[in-house]
Structures are given as C-alpha cells and as structure tokens.
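Enquirer: What would the 3D arrangement of this be:
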Amino acid sequence: MTIKRSYVWAAVIALGLGFWILSGQLNSNSDAEERAEMAALEQGSAETALSEAAQSVRARVFEARPVKRDIVVRGRTEPVRAVDVRAETSGTVTDLPVEKGEYVSQGDLLCGLSVNARGAMLAEAQALRQQRWLQYDASRKLAAKGHRSETQAAADKAGYDAAVAQVKQMEVELSHTQISAPFDGIVDNRFVEIGDFLSVGQSCATVVDLDPILIVGQVSERDVSKLSMGSVGKARLITGETIEGVVRFIAKTADSDTRTFRVELAVPNKDAGLRAGITAEIIVAAEAVTAHLMSPAFLVLNDDGSIGVRMVNDDNTAMFVPVTILDDGNDGVWVGGLPQKATVITVGQEFVRDGQKVDVTFENESAAS
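Expert: Numbering: from 1, shown residues only. Reported below is the predicted structural model:
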C-alpha cells in the first residue's frame, strides 16, 4: 500500500512542532528554578548582611524597686443577712405592730394571726393530759402492789406520753400565730395588711441585718492568691465615701461563667447609715513585689503575641524578654519579670530582632523624661 507524500510531510511537521513546544516548557521550568535559587541566595545574603550590621538604638538602664500593689475589685454593698419571714401556720392577719423601715430586735412580733379554735384545742389537750396522768399514776401504784399487770401499766404510760406530746404540738401550733423577727435588724418590706389571709409558707415581712454591711466583689484568678482572710481593706462608694473594713470571706471555688472568686469586705455599720445595693470599689493592698517603672511605649509584642521589652545583652545583642504588667498610673506602668538591673531599648525596639547586634546610645535623665 503506497502512503501519500502529503501524509508523510504532515507527520514530520507535527513531530517538529511537538519537539519545539516541549523544549520551550523545559527551558521555562529551568529558568524558573534558576530565578528561585537566585532569590533565595539574595534573601540569605540580605539576612546575613542585616545580622552583621549593627542597628542603632537608644536604651536606658532600669533599676527594680519594691512596690506595694493595690488590688481593686468592682462590687456592691450587701446586707450580712436578709430573710423573708414566712408563716408556719395559716390564719387571718390581726396584728402588725411594726412598719417598713423600723428597727426590730430578735423575738419582736412582726405579724399576728388569728388564734381561732387553737386556744380551745390546747385546753382540751391539757385536760386529756391530766386525765392520762391520773390513770397512769394509779396503774403504776397498783402494779407495784401486784394488783395490776406490768403490761397494763405500760399501756397507761404510753397513753400519758401521747397526751403530753399532743399538748406540746398544740402549744407550738399556737405559738406559730405570732410571727416574730429571727434576729436584730430592719424591716425592709412587709407583704401583708390586717385582714389578709396567710397560708403556710407565705411571707409576712423581710428583715435585713446591715451591721456589718458587706462590700462584695469578684476577684480574678490572677489576684485571688494575693488576698488573705483578715486583711484590712478599703472601699470607695459611688457616693464618694471611703470606708474601712476587714476581708471576711474569699471563695474557694470560682464562678463557672466568669472564672472569678467572690470576696467579701465586712464594714461596721452600727447606725445602718450605709445602704445595701450601692456600687463600690474594694481596695486591698497586696504583698510588696519588686518591679520596674517605665513608659508603656517601651513595650513590644513578640511574634506569638506575648508582651515584653527588648533588652540589650552584655555582648550588645538584642533579646526579647516577656513581662507582666502589675499596675499602671500617670507615671507609667509597673512591670515584673525583668532582672534587678535591666538595659531596655527605648527607641528602635520595633526594628531589631533577637540576636541582632545593636549600637547602643544610652539616654540621660533629661532625654528619658
């Protein structure tokens, strides 16, 4: 079979085009690899030159000083105790001897309920108790002489004991018609008026004890270990008053939502002049710590987001040191975590990295201020 000459030429041309395209791709890949290698070499050279070049910076030597840090906690005032006094029996309110806002002593009457038939039932129980006593006394004497069995005497004794218990029950029931104050305090609310019917469990009045009054706040996980029971603290009220008290409670377990711990400052309040529910700040002095005072402008962030400063080592290289901010004020921030004497870069700290050589110019006092 004879192949046409045009087919042969077409195949030759197709092969030639294929080789030409393939050679272009190979050359392109080779050029890209060469360019990548050149860029890596240039970057390495630049980094080497940067590491060898000393960056000009300004620095200052800081000396650590002892500082007594105040722990400030936002809070509010609370009564030391507040109770809704509830009825333990049902009845119509017949007596309300105290008004809202009045001071009451423990045992004072808050609400009097109608006695109704309770007095007659008590008298009946007392009469039955007397009868059962005579019956038991006679059985006891006869049993001692052998004229009555011990079993009969024991049954009469049980009847007398039951009558005694019934009298006691009626006395308690009658006493429940007099709802009294459980402790010294102030009647903060009254829920009934004369003629209202109180069921068992319904509230008659609220009694609050405001001496001492509590300043209650939530302290953070970082600061709770710095507080101690019995330490003296202050509280600044939103009204402008400053009062002193003693830390009487620090929670052992954190709030599950805020991860903070409840702290209570007890403040004497004999005249009940301080009210509950007022916004306040608790200020407790923590133990003195050694720290450095510096401008917040000297602080930098590391690559991992931690806050710290750039220090100068003995060989004039830069080094990042993480710090903890302990307090802040108009003069600057107090930071912990640095050595006693620390040479901190104050100008140019953003343009150096760990291990880089630096050309240090130390600041004088006027320049530092």
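
Enquirer: alpha carbons only for contacts and neighbour counts from here, please
Expert: Fine.

Enquirer: Could you count how many residues lie near residue 104?
Expert: 21 (other CA atoms under 10 Å).

Enquirer: wait, doesn't it sit right on residue 182?
Expert: No - counting by CA atoms under 8 Å, residue 104 does not reach residue 182; the two are 9.6 Å apart.

Enquirer: Can you report phi and psi for residue 231?
Expert: Main-chain dihedrals, residue 231, degrees, to the nearest 10: phi -70, psi 150.

Enquirer: Contacts only, for it.
Expert: 246-247, 284 (CA atoms under 8 Å, 6 or more residues apart in numbering).

Enquirer: Closest to the centroid, which residue in this protein?
Expert: Nearest residue to the geometric centre of the chain (CA atoms, centre = their mean): residue 260, 2.3 Å.

Enquirer: which residues touch it?
Expert: 218-221, 254.

Enquirer: what do you get for residue 280?
Expert: Residue 280 touches 74-77, 215, 235-238, counting by CA under 8 Å, 6+ apart.

Enquirer: try 7 Å
Expert: Shown in contact with residue 280 (CA atoms under 7 Å, 6 or more residues apart in numbering): 74-77, 235-238.

Enquirer: Quick check on those residues: which are buried?
Expert: By neighbour count, with 16 or more other CA atoms under 10 Å, the contacts of residue 280 hold 74-77, 235-237 as buried.

Enquirer: Reformat those as CSV; add secondary structure, distance to residue 120 and pLDDT.
Expert: Formatted as CSV, those follow (DSSP: H, G, I helix; E, B strand; the rest coil; distance: CA to CA, whole Å; pLDDT from 0 to 100):
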residue, secondary structure, distance to residue 120, pLDDT
74, strand, 58, 91
75, strand, 54, 91
76, strand, 51, 94
77, strand, 49, 93
235, strand, 57, 92
236, strand, 59, 91
237, strand, 56, 92
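
Enquirer: Tell me which stretches of the chain form helices.
Expert: Using DSSP state H, the helices of the chain run over 5-52, 118-145, 150-175, 221-224, 365-368.

Enquirer: Test my guess that residue 291 contacts residue 334.
Expert: Yes - counting by CA atoms under 7 Å, residue 291 does reach residue 334; the two are 5.9 Å apart.

Enquirer: What residues of stretch 170-183 count as buried?
Expert: Quick answer for stretch 170-183 (16+ other CA under 10 Å): 170-171, 173-183.
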